[in-house]
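[1] I would like to see how this sequence folds:
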Amino acid sequence: MKLLFLGDVVGRAGRRAITERLPDIRARLKLDFVVVNGENATSGVGITPEHAQDIFKAGADVLTLGDHAFDQREMLAHIEKEPRIIRPLNFAKNAPGQGARVFDAPSGRKVLVVQALGQVFMKRPFDDPFSALDEVMRKHPMGGLVQASIVDIHCEATSEKMAIGHFCDGRASVVVGTHTHVPTADAMILSGGTAYLTDAGMCGDYNSVIGMDKEEPLRRFITGMSKGRFQPAMDEATLSGLYVETDDRTGKAQTVKMFREGGRLESAGPGR
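    So this is what the prediction gives:
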């Protein structure tokens, strides 16, 4: 199966890049399944139902969220009506929506999509991601009822993401990190057959400070004082993520490549 995971969509620039480019990318790469992290799609914090629908229309099969899952209040009710949006497993016990779900892919195949939040350096104490993921992995073994499984681990610390990757090795087809908005250069297939990348980066304007217009972050770093709110940068965005090909029989990854297209970062990825 040919899978594409795209990192955190940031603001209007990121949304525009998705809506303009994803249809062609999906056709060109003959993708079977696309997951997009929509965590920062609306003004850099959360996502509205309208913006989620725009990303689905462009070709995403599933949207994952993160620690800003419900910053746009409309999502509290909308996520109960839209099963294609996945919030973190360990966000809160009474949070609406689901943190894991099995989806249909072409030719009758099934894909499990899961998201969990890390604990290290995060602004609030979330439940243990390891035990939450373990329960889901046990219920959906690779090569069983699902032909592929994708884990989005949304956290700050690279060490924690790597630990999750090894914890899920052999039990997930893909483990990919999100949240920091900076793509890492360590795409690999782990010893148990799991494709891994510490951070997919963002779908946003890289002439920025992690997707935000540079002026306000620089002021705060230099002076220690704020003058206004962070605003997403608006120039041309780069789509960043991970391309993976899996074996339908075992669920294991056979090919893994970093994916980057457009904007300021050098283009990389399958067929480029």
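[2] which stretches of the stretch 101-250 of the chain form strands?
    In the stretch 101-250 of the chain, the strands defined using DSSP state E, counting those that start in this stretch lie at 110-117, 148-154, 174-178, 188-189, 195-197, 202-203, 239-246.
[3] So for Ala13, which of the ones you listed sits nearest?
    Among the strands of the stretch 101-250 of the chain, strand 202-203 comes nearest to Ala13, with 8.5 Å by C-beta to C-beta. C-beta: built from backbone N, CA, C; applies to glycine.
[4] from the chain's centre, how far out does that closest one sit?
    Distance, stretch centre to chain centre, for strand 202-203: 9 Å (C-alpha atoms, centre = their mean, to the nearest Å).
[5] what's the answer for stretch 244-255, then?
    19 Å.
[6] ok, and what's touching it?
    Residues from elsewhere that reach stretch 244-255 (C-beta atoms under 8 Å, 6 or more residues apart in numbering): 1-5, 109, 142-143, 146-149, 170, 173-174, 189, 192-195, 243, 256-257, 270.
[7] Check which residues of it are buried.
    By 16 or more other C-beta atoms under 10 Å, the buried positions in stretch 244-255 come out as 244-247, 251-253.
[8] Save those as a markdown table, and put in pLDDT and distance to Asp127 too.
    Below are the buried residues of stretch 244-255 laid out as a markdown table (pLDDT from 0 to 100; distance: C-beta to C-beta, whole Å):
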| residue | pLDDT | distance to Asp127 |
| --- | --- | --- |
| Val244 | 98 | 28 |
| Glu245 | 98 | 33 |
| Thr246 | 98 | 29 |
| Asp247 | 97 | 32 |
| Gly251 | 97 | 26 |
| Lys252 | 98 | 29 |
| Ala253 | 98 | 28 |
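[9] Please convert these to TSV, extending it with distance to Thr238.
    Formatted as TSV, the buried residues of stretch 244-255 follow (distance: C-beta to C-beta, whole Å):
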residue	distance to Thr238
Val244	19
Glu245	22
Thr246	25
Asp247	30
Gly251	30
Lys252	29
Ala253	24
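[10] For Gly99, state which of these is nearest.
    For these, the nearest to Gly99 is Gly251 (19.8 Å; C-beta to C-beta).
[11] Which strand or helix spans that closest one?
    Using DSSP states H and E, Gly251 falls within no helix or strand.
[12] Could you measure from it over to Lys110?
    Taking C-beta to C-beta, to the nearest Å as the measure, Gly251 falls 10 Å from Lys110.
[13] Quickly list what's touching both of the two.
    With C-beta under 8 Å, 6+ apart, Gly251 and Lys110 have common neighbours 146-148.
[14] Which member of those is positioned nearest Ala17?
    Of the shared contacts of Gly251 and Lys110, the one sitting nearest to Ala17 (C-beta to C-beta) turns out to be Ala148, at 25.3 Å.
[15] give me the number of residues near the nearest residue in space to that closest one that is not next to it in sequence?
    Of all residues not flanking Ala148 in the chain, Ser173 sits nearest, at 4.4 Å (C-beta to C-beta, 6 or more residues apart in numbering). By other C-beta atoms under 10 Å, 28 other residues sit near Ser173.
[16] same question, Leu31
    19.
[17] Surely it touches Met1?
    No. Leu31 is beyond contact range of Met1, at 9.1 Å (criterion: C-beta atoms under 8 Å).
[18] in the stretch 151-272 of the chain, which segments are predicted with low confidence?
    The model of the stretch 151-272 of the chain has pLDDT under 70 over residues 266-268, 271-272.
[19] List the contacts of Ala63.
    No Ala there; residue 63 is Leu. Shown in contact with Leu63 (C-beta under 8 Å, 6+ apart): 35-38, 47, 52, 55-56, 84-86.
[20] again with Gly228
    Glu216.
[21] give me phi/psi at it?
    phi -160, psi -170 (degrees, to the nearest 10).
[22] Let me have the shared contacts of Gly251 and Lys110 in a markdown table, extended by pLDDT and distance to Thr178.
    Converted to a markdown table, these look like this (pLDDT from 0 to 100; distance: C-beta to C-beta, whole Å):
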| residue | pLDDT | distance to Thr178 |
| --- | --- | --- |
| Val146 | 96 | 21 |
| Gln147 | 97 | 23 |
| Ala148 | 98 | 18 |
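[23] Cheers, nothing more for now.
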